[in-house]
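Student: The sequence and its predicted three-dimensional model are supplied below.
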Amino acid sequence: MCRVIAIANQKGGVGKTTTTSNLGIGLAKQGKKVLLIDADAQGSLTASLGYTEPDAIEITLASVMGSLIKDEEVEPMEGILHHEEGIDLMPGNIELSGLEVSLVNVMSRERIMQEYISMVRDYYDYILIDCMPSLGMITINAFACADSILIPVQAAYLPVKGLQGKRVTYWKRIRVLKN
């Protein structure tokens, strides 16, 4: 059974991308089938795995989600890149910023990524979603389809302070999305 884990924190620079790639590669080395999803418009996960021009990639998370919004047919494995470390990657890039804006008017907008993940879930043991440092619609989509959320935090005053109060907000929103 596939586990979907969102790696998220509203603070940038706390190690979300590093955690996602290292955890994914570690799981792959244990013989697990792993898909990493770059749900950050900066495309840092995509770039850190060697795809140095994420904005030049034609099929990305944004284009797949855009097709689902338009009720276009989506080939589940289309756009997934196979990495030499034994992991698969659904790349992300700047197009996610535009998609986030367009999600405002979409029915069931918090479930678009879930629709995609349900298409590929049977192919993997783990799906790890690297979220952007915000609590926008793309991150809400990741939370809606995740079985669990991993929140990396630096051991310093301001990053830990940033979690105070937000924890309750995260969990209230997640409970609403899951029900």
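Tutor: Arrived safely. Numbers count the residues shown, from 1 in each chain.
Student: From now on I want contacts and neighbour counts done on CA atoms only, so please keep to that.
Tutor: Will do.
Student: quick one, phi/psi of the nearest residue to V34 once chain neighbours are set aside?
Tutor: Closest residue to V34 apart from its sequence neighbours, by C-alpha to C-alpha, 6 or more residues apart in numbering: Y126 at 4.9 Å. Dihedral angles phi and psi of Y126 (degrees, to the nearest 10) take the values phi -140, psi 140.
Student: what sits opposite Y126 in the beta ladder?
Tutor: R3, V34 (DSSP bridges).
Student: list the contacts for it?
Tutor: 2-5, 32-35 (C-alpha atoms under 8 Å, 6 or more residues apart in numbering).
Student: List only buried entries from the residues you listed.
Tutor: Buried by 16 or more other C-alpha atoms under 10 Å: 4-5, 32-35, out of these.
Student: Out of those residues, flag the one nearest to K16.
Tutor: When the buried ones among the contacts of Y126 are compared for distance to K16 (C-alpha to C-alpha), I5 wins out at 11.8 Å.
Student: wait, is that closest one part of a helix?
Tutor: No: using DSSP: H, G, I helix; E, B strand; the rest coil, the secondary structure at I5 is strand, not a helix.
Student: From D130, how far off is it?
Tutor: 9 Å (C-alpha to C-alpha, to the nearest Å).
Student: now the strands for the chain?
Tutor: Applying DSSP state E to the chain gives strands spanning 3-7, 34-39, 81-82, 88-90, 126-131, 148-150.
Student: would TSV of the ones you listed with distance to E75 and mean pLDDT be doable?
Tutor: Below are these laid out as TSV (distance: least, C-alpha to C-alpha, whole Å; pLDDT from 0 to 100):
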stretch	distance to E75	mean pLDDT
strand 3-7	20	97
strand 34-39	16	98
strand 81-82	14	96
strand 88-90	13	98
strand 126-131	18	98
strand 148-150	26	94
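Student: do you know which of those lies nearest G98?
Tutor: Per C-alpha to C-alpha, nearest to G98 of the strands of the chain: strand 34-39, 12.7 Å.
Student: for this structure, what helix or strand is lowest in average pLDDT?
Tutor: None of the helices or strands of the chain scores lower by mean pLDDT, DSSP states H and E than helix 166-178, at a mean of 53.
Student: And the residue positioned nearest the centre of the chain, how far from A155?
Tutor: Centroid-nearest residue in the chain: I129, 2.9 Å away (criterion: C-alpha atoms, centre = their mean). To A155, I129 is 23 Å away according to C-alpha to C-alpha.
Student: what sits against C131?
Tutor: Per C-alpha under 8 Å, 6+ apart, neighbours of C131: 6-9, 16, 38-40, 138-139, 142.
Student: Can you say which of the residues you listed are buried?
Tutor: Using 16+ other C-alpha under 10 Å, the buried members of the contacts of C131 are 6-9, 16, 38-40, 138-139, 142.
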